[in-house]
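Asker: Here is my input; please provide its structure:
(chains A, B and C)
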Amino acid sequence: MTHRASAESRSSRPDSPFPAVANTDIHRVRETIITWFESAARPLPWRDADTTAWAVLVSEIMSQQTPVSRVEPRWREWMQKWPTPADLAQAPTAEVLHRWDRLGYPRRALRLQEAARVITEELDGHVPQTAKELERLPGIGSYTAAAVTSFAHGERTTVLDTNVRRVLIRLFAGRDRPSPSPGRAETEWAGQFVPETEHKQWNAGVMEFGALVCTARNPQCETCPLNDICAWQKAGRPTSAVKPKTQKWAGTDRQLRGAIMDVLKSAHENADGAHTGGSVPIDLFTTTTAKIDPDMLDELSGHTATKLDRVRDLSADSQRITRLIDDLVSDGLAARTKNVLQLPS
DNA sequence: AATGCGGGGTA
DNA sequence: TACCCAGCATT
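Answerer: Here you go, the predicted model:
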């Protein structure tokens, strides 16, 4: 009695980040979202009935911090080229990075191949069924583990991505955006909305709702089917004072790595667009550290035999690469590819 | 809890 | 320019 009462009084405080929600509202939101999803869902290929768990996992990794519209064509190419974890496990890492193309965060491609090798060599080719096991794989955190558990295996979990968090925070906390990262309390709070049945439709639907209706910018509140109960709407749609800190790009090591990777990828592709499996180690430039390691440059300089004259020059000596970097930085790295490929000697 | 990690589309 | 995007790993 005392335990339950204190918990309720805590969560009922008006300034609580995760306020108590009436059962009628919970049912109303479930029903509305699931019904909306039936008619409004985008026809994403990884939602097809015959999709494999591996295909779902690939889609989730690619979609981390990357808009779905950019993921879809890459995903189609990947699944045609590497339909199973065993296929990706045996692929040349340089080609894996090349086919990752410009999705960003290329370390995800490396982690995905590592995961494919674990699944192939240690798990008999089967994607793990539980979130706990999934989280042991490289590149898979709480969100991706829950998403695969729900979308690929049909198990009831709480899927909490940036879309779900924004929708629920707006509806019931009246704030415009969630905190920078979700905590245990928020996950438990969000779990009360996941129904016993149709949990997959809820998880997918509320994500989609956040992506298409309750968006971060220009939300479609006028046509929103939940605007009558939305706490954010009732409060006048206030915007939070704290702005997220945006990361630097121009002139940073990250931009430089991207520039060099562009050159290396080009060196891996012949005139027909086929992958040559060249000797230049693309993956040297997808390390987890922020710095351009001088040892990496020395190793790169030891490789020759590339298709581009520019890269052949780059490979001739490490001092030249050092000069390239200096020039790129002094140029502010404005026109990335152009500068790398056409930098005057 | 903070930080680093890519790249492109959009207001 | 700044913000945002189906987050994760490290410190």
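Asker: Tell me which residue in the stretch 1-150 of chain A sits closest to DNA strand C.
Answerer: Per C-beta to the nearest atom of the strand, A:Gly141 is where the stretch 1-150 of chain A lies closest to DNA strand C, at 2.6 Å. All C-beta spots, glycine's among them, are computed from the backbone N, C-alpha and C.
Asker: quick one: stretch A:51-70 near DNA strand B?
Answerer: Yes - judged by C-beta under 7 Å from any atom of the strand, stretch A:51-70 comes into contact with DNA strand B at A:Gln65, A:Thr66, A:Pro67, A:Arg70.
Asker: mind giving me JSON lines with those residues and columns for secondary structure and neighbour count?
Answerer: As requested, these are arranged in JSON lines below (DSSP: H, G, I helix; E, B strand; the rest coil; neighbours: other C-beta atoms under 10 Å):
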{"residue": "A:Gln65", "secondary structure": "coil", "neighbour count": "10"}
{"residue": "A:Thr66", "secondary structure": "coil", "neighbour count": "15"}
{"residue": "A:Pro67", "secondary structure": "coil", "neighbour count": "10"}
{"residue": "A:Arg70", "secondary structure": "helix", "neighbour count": "15"}
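Asker: By proximity to DNA strand B, which residue of the stretch 101-250 of chain A wins?
Answerer: Nearest to DNA strand B, among the residues of the stretch 101-250 of chain A, is A:Gly104, at 1.9 Å (C-beta to the nearest atom of the strand).
Asker: separation between the closest residue to that residue other than its chain neighbours and A:Thr144?
Answerer: Nearest non-adjacent residue to A:Gly104, counting by C-beta to C-beta, 6 or more residues apart in numbering: A:Thr66, 6.0 Å away. According to C-beta to C-beta, to the nearest Å, A:Thr66 stands 13 Å off from A:Thr144.
Asker: Check A:Arg70 too.
Answerer: Counting by C-beta to C-beta, the separation of A:Arg70 from A:Thr144 is 18 Å.
Asker: Same list as before, the residues of stretch A:51-70 next to DNA strand B that is, but in CSV and with pLDDT included.
Answerer: Below are the residues of stretch A:51-70 next to DNA strand B laid out as CSV (pLDDT from 0 to 100):
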residue, pLDDT
A:Gln65, 98
A:Thr66, 98
A:Pro67, 98
A:Arg70, 98
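Asker: These: which ones sit near DNA strand C?
Answerer: A:Gln65, A:Thr66, A:Pro67.
Asker: I figured the first one hits A:Tyr105, correct?
Answerer: The one in question is A:Gln65. Yes - counting by C-beta atoms under 8 Å, A:Gln65 does reach A:Tyr105; the two are 6.4 Å apart.
Asker: Give the buried residues for the helix or strand where A:His98 lies.
Answerer: Here A:His98, judged by DSSP states H and E, is contained in helix A:93-100. Neighbour-count burial for helix A:93-100, counted by 16 or more other C-beta atoms under 10 Å, picks out A:Ala94, A:Glu95, A:Val96, A:Leu97, A:His98, A:Arg99, A:Trp100.
Asker: A:Glu208 and A:Phe37 touch, don't they?
Answerer: Yes - here A:Glu208 lies in contact with A:Phe37, judged by C-beta under 8 Å, at a distance of 5.8 Å.
Asker: Who are the contact partners of the residue most central in space within chain A?
Answerer: The geometric centre of chain A, computed from its C-alpha atoms, lies nearest to A:Gln64 (C-alpha atoms, centre = their mean), at 0.5 Å. Listed by C-beta atoms under 8 Å, 6 or more residues apart in numbering, the contact set of A:Gln64 reads A:Tyr105, A:Arg108, A:Tyr143, A:Thr144.
Asker: Next: A:Val29.
Answerer: For A:Val29, the contact set (C-beta under 8 Å, 6+ apart) comprises A:Leu171, A:Phe193, A:Leu226, A:Ile229.
Asker: Among these, name the buried ones.
Answerer: Buried by 16+ other C-beta under 10 Å: A:Leu171, A:Phe193, A:Leu226, A:Ile229, out of these.
Asker: Find me whatever residue is spatially closest to the first one, sequence neighbours aside.
Answerer: Computed as C-beta to C-beta, 6+ apart, the closest residue to A:Leu171 that is not its neighbour in sequence is A:Cys230, at 5.3 Å.
Asker: number of nearby residues for that neighbour?
Answerer: Each residue near A:Cys230 was counted by other C-beta atoms under 10 Å, and the total is 20.
Asker: gap between it and DNA strand C?
Answerer: 17 Å (C-beta to the nearest atom of the strand, to the nearest Å).
Asker: so what's the residue nearest to A:Gly104 up against?
Answerer: By C-beta under 8 Å, 6+ apart, the contact set of A:Thr66 is A:Leu103, A:Gly104, A:Tyr105.
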